[in-house]
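Chemist: With the sequence up front, the predicted model follows.
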Amino acid sequence: MKKSILAAVIDQWSVVPPVETADLSGKTVLVVGANVGIGFEASKHFARMQPARLIIACRNEAKGKAALAGMYDRLKLNGYKGCEFWIVDLANFASVTAFADKFKREGGDLHILVMNAAILQLVYQPTADGWESLLVYFTFSAHCYGSYPPFRLQVNYLATSLLSLLLIPQLVAAGRKSSTPSRLVIVSSDLHYWVTPAKEVKASTTPLETLSNEEWCIPEHMRSRHNESKLLNILFVRALTDRLQSITPLSAVAVNPGYCYSQLRRDWYKKPTFSSARIAVAFHECLLVWTAEQGSRQLVFAAVGGRDNEDNMKAGYVNLGRLIEVADFVLSDEGRKFQNTVWNETIDILNGVSDKIAPIVQGYLVVPNSSIN
């Protein structure tokens, strides 16, 4: 599928479908990146569905506790008391593995996992684990959502993939005991339609290392960097689905929340009021933006919607409360080959982070029959 910037703008001007609802009694929901924005709003919607446990996770204790207090304050009319706050910092692999270990000990089965955490920074800075965060330049003509924000490869992709994989045993266990498969939801974006990896990246056997290399991070390449992070999320969901046996009661879904008011752009808001970037972001937000609550409805649909045709939801891409086709590059033979290369490198990297990755891959995943070498 090809999607134009005009089509994305029209989507932003469309009526957002009402929030999907479901009976979550007896179930556990985990939302990562839940203290503000669409993650917080999605958590409020989940709480109204009365899950046995709703775990909201973020990296800052003070903000997490404030979010928890706000959750109870805004939901006091229905008396929900199942919300918990846990700490996880996706910029630190040790924090991610410790979180997964804690969940194994204390979390029990997991029915819904929403990976919403992301980061935008305005400087080039590697994480403590050696992966990058990048400066990307503003240009409306190629990005209808208002900026080319930097993405932290570790937070937006590697750590998101790491935690998703580490929690597969809990997700599968919950699905086996339930009448419905568990759901893994990873937040992506329509930005993936407007990027094709550079030929040097596609030709590399280690494309993630190439993207994280400071020498590669020049303005010419940076203009597509955030889009690339969203493409990687799509590829992970599809590669994981290829490797889950059809009988495994787990559906991985990618979702586009749309362009919403969010703390994600907080560094842009700190710029001087009359700076070109600040003015441009404000202009685009006035024209296009949804509320965080409207964006959160997409996450909720990806988590509980489409149960009448679960097979369609596997590796699905949710936009405006329905499934749509992903980018042509993702569906092409070239894209499938790149997907497998990225998957193999991802697993190699994460094997070096946690000794639990290899047993999970061996115990829960298979080699896809349609793998392209």
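Modeler: That came through fine.

Chemist: Give the residue spans of the chain that score low on pLDDT.
Modeler: For the chain, the stretches flagged by pLDDT under 70 are 74-78, 118-152, 217-225, 262-285, 370-373.

Chemist: which of the residues in stretch 183-200 are buried?
Modeler: By neighbour count on 16 or more other Cβ atoms under 10 Å, the buried set for stretch 183-200 is 183-198. The C-beta positions use only the backbone N, C-alpha and C, and glycine is treated the same way.

Chemist: Next: stretch 316-323.
Modeler: Of the residues in stretch 316-323, 316, 317, 318, 319, 320, 321, 323 count as buried by neighbour count, 16+ other Cβ under 10 Å.

Chemist: Quick one: residues contacting the last one.
Modeler: I take that to be residue 323. Applying Cβ atoms under 8 Å, 6 or more residues apart in numbering, one finds that residue 323 lies in contact with 306, 312, 313, 316, 317.

Chemist: Quick check: the second one vs residue 100, distance?
Modeler: The one in question is residue 312. Separation of residue 312 from residue 100 (Cβ to Cβ, to the nearest Å) stands at 29 Å.

Chemist: Format the contacts of residue 323 as JSON lines; extra columns: secondary structure and distance to residue 155.
Modeler: Shown next, in JSON lines, are the contacts of residue 323 (DSSP: H, G, I helix; E, B strand; the rest coil; distance: Cβ to Cβ, whole Å):
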{"residue": "306", "secondary structure": "coil", "distance to residue 155": "28"}
{"residue": "312", "secondary structure": "helix", "distance to residue 155": "30"}
{"residue": "313", "secondary structure": "helix", "distance to residue 155": "26"}
{"residue": "316", "secondary structure": "coil", "distance to residue 155": "24"}
{"residue": "317", "secondary structure": "strand", "distance to residue 155": "21"}
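
Chemist: and of the residues you listed, the nearest to residue 157?
Modeler: Checking those against residue 157 with Cβ to Cβ, the nearest one is residue 317 at 16.6 Å.

Chemist: Please list all residues in contact with that closest one.
Modeler: 188, 234, 253, 254, 255, 256, 323, 324, 325, 326.

Chemist: Buried ones among these?
Modeler: When the contacts of residue 317 are checked for burial by 16+ other Cβ under 10 Å, the buried set is 188, 234, 253, 254, 255, 256, 323, 326.

Chemist: Now do the same contact list for the fourth one.
Modeler: It refers to residue 254. Residues near residue 254 by Cβ under 8 Å, 6+ apart: 185-188, 233-234, 237, 302, 315-318, 326.

Chemist: Just send the buried residues of stretch 316-323 back as CSV, with secondary structure and distance to residue 288 too.
Modeler: Formatted as CSV, those follow (three-state DSSP; distance: Cβ to Cβ, whole Å):
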residue, secondary structure, distance to residue 288
316, coil, 24
317, strand, 20
318, strand, 19
319, strand, 15
320, coil, 14
321, coil, 18
323, strand, 23
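
Chemist: can you name the two of these that are farthest apart?
Modeler: Within the buried residues of stretch 316-323, two members stand farthest from each other by Cβ to Cβ: 316 and 320, at 13.1 Å.

Chemist: Narrow the buried ones among the contacts of residue 317 to those in strands?
Modeler: In this view, those that belong to strands under DSSP state E are 253, 254, 255, 323.

Chemist: Dig out what the residue nearest the centre of the chain forms beta bridges with.
Modeler: In the chain, the C-alpha nearest the mean C-alpha coordinate belongs to residue 187, at 2.8 Å (Cα atoms, centre = their mean). Residues in a beta bridge with residue 187, per DSSP bridges, are residue 255.
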